[in-house]
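Peer 1: All I have is the shape, not the residue letters:
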């Protein structure tokens, strides 16, 4: 059996997209078979390659327990490259709605989609998409480590967990390392794993980050991670909302705004770069 796919990215955080409007192409697979399919698709040597898979399915075709009973037309079923289910993906939401726009399924400049972390509304300014990631939840300090080095970290939830450590250098030959292996963290604090962001200050309201995403490894960008980093940097600087920070990632540049209402807005590009069919 073959099925259609697309490939897209947001600041080089790349995804395989699986159009599945009525939920019959992939939704009926047993969990272990779906995980195996995701792993095969994301394999950068034997598959298409990606940091994760975005399944595009109508909310009406999905168990309400997954969608939270959302009234949005489309549900973003996101899976990490290892096949594990994830709550949300900030860059993925932009790629998701870019596909909806290009395919003619929804050509509006304001689109709301359902995710496992609740509904997310995105707006298009003619070049970039801005996603309202919702409110950040600040959960106190924790600690992360790489090898013999440890740093204090801020525990921030964007609907998924993040541990944010400010460091002097992001040099892969320095203490932070290559991030090929997951940084050490407190399993009791993060029983389902955690996304770890290392952050260096670049200038006024300007930071750079590297990220190790759970279930994936180091990626070129992480949207919810950039949102969490922006909030942590603003708190550290004593910035007063509304405030906007530039967040540089290895794959490009994002903008994070913390509004007076406490909402975290993430702005950046989204591109669909290929389409085809596969039997992976």
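Peer 2: Nice, I can see it. Nothing here was measured: the structure is a model prediction, and the numbers come from that model.

Peer 1: Spatially central residue in this structure, please.
Peer 2: With distances taken as Cα atoms, centre = their mean, residue 89 lies nearest the centre of the chain, 2.7 Å away.

Peer 1: which residues of the protein score low on pLDDT?
Peer 2: Residues of the chain that meet the criterion pLDDT under 70 are absent altogether.

Peer 1: how about the residue nearest to the centre of the chain, what does it touch?
Peer 2: 13, 15, 52, 54, 76, 78, 223-224 (Cβ atoms under 8 Å, 6 or more residues apart in numbering). Any C-beta I mention is one placed from the backbone N, CA and C, and that applies to glycine too.

Peer 1: let's see it at 6 Å
Peer 2: Under the criterion of Cβ atoms under 6 Å, 6 or more residues apart in numbering, the neighbours of residue 89 are residue 78.

Peer 1: How much space separates it from residue 55?
Peer 2: Using Cβ to Cβ, to the nearest Å, residue 89 is found at 12 Å from residue 55.

Peer 1: C-terminal to the helix or strand containing residue 17, what's the next element?
Peer 2: If you go by DSSP states H and E, residue 17 is part of strand 13-19. Using DSSP H and E, the helix or strand that follows strand 13-19 in sequence is helix 31-42.

Peer 1: Secondary structure element holding the nearest residue in space to residue 151 that is not next to it in sequence?
Peer 2: Nearest residue to residue 151 in three dimensions, chain neighbours excluded: residue 165, at 3.9 Å (Cβ to Cβ, 6 or more residues apart in numbering). For residue 165, the enclosing helix or strand under DSSP H and E is strand 161-166.

Peer 1: in the helix or strand just after that strand, what counts as buried?
Peer 2: Later in the chain than strand 161-166, the nearest helix or strand by DSSP H and E is strand 195-203. Within strand 195-203, the residues scored as buried using 16 or more other Cβ atoms under 10 Å are 195-200.

Peer 1: helices and strands around strand 195-203, which ones?
Peer 2: strand 161-166, strand 206-213, helix 223-237 (3 or more Cβ pairs under 6 Å, 6 or more residues apart in numbering; DSSP states H and E).

Peer 1: picking that back up, what's the spacing between the residue nearest to the centre of the chain and residue 184?
Peer 2: Plainly put, residue 89 is 24 Å away from residue 184 if you go by Cβ to Cβ.

Peer 1: what does the strand holding residue 165 contact?
Peer 2: The contact list for strand 161-166 (Cβ under 6 Å, 6+ apart) reads 142, 144, 151, 153-156, 185, 190, 194-199, 225, 228-229, 232.

Peer 1: Now restrict these to buried residues only.
Peer 2: When these are checked for burial by 16+ other Cβ under 10 Å, the buried set is 142, 144, 151, 153-156, 185, 190, 194-199, 225, 228-229, 232.

Peer 1: what about residue 99, which SS state?
Peer 2: Of the three states, residue 99 takes helix under DSSP: H, G, I helix; E, B strand; the rest coil.

Peer 1: list the contacts for it?
Peer 2: 17, 272 are the contacts of residue 99 under Cβ under 6 Å, 6+ apart.

Peer 1: likewise residue 256?
Peer 2: Taking Cβ under 6 Å, 6+ apart, we find residue 256 in contact with 226-227, 230, 245, 247, 266.

Peer 1: of all the residues you listed, which comes closest to residue 160?
Peer 2: Set against residue 160, the nearest of those by Cβ to Cβ is residue 227 (10.4 Å).

Peer 1: I'd like to know how far the closest one sits from residue 8.
Peer 2: From residue 227 over to residue 8 (counting by Cβ to Cβ), the distance is 20 Å.

Peer 1: ditto for residue 212
Peer 2: Going from residue 212 to residue 8 by Cβ to Cβ gives 22 Å.

Peer 1: Same check on residue 116?
Peer 2: For residue 116, the distance to residue 8 - Cβ to Cβ - is 20 Å.

Peer 1: One more: residue 181?
Peer 2: Relative to residue 8, residue 181 is positioned 28 Å away (Cβ to Cβ).

Peer 1: same deal with residue 176?
Peer 2: Taken as Cβ to Cβ, the span from residue 176 to residue 8 is 28 Å.

Peer 1: So what touches stretch 192-209?
Peer 2: By Cβ under 6 Å, 6+ apart, stretch 192-209 touches 144, 161-167, 170, 176, 183, 185, 210-214, 225, 229, 233, 245-248.
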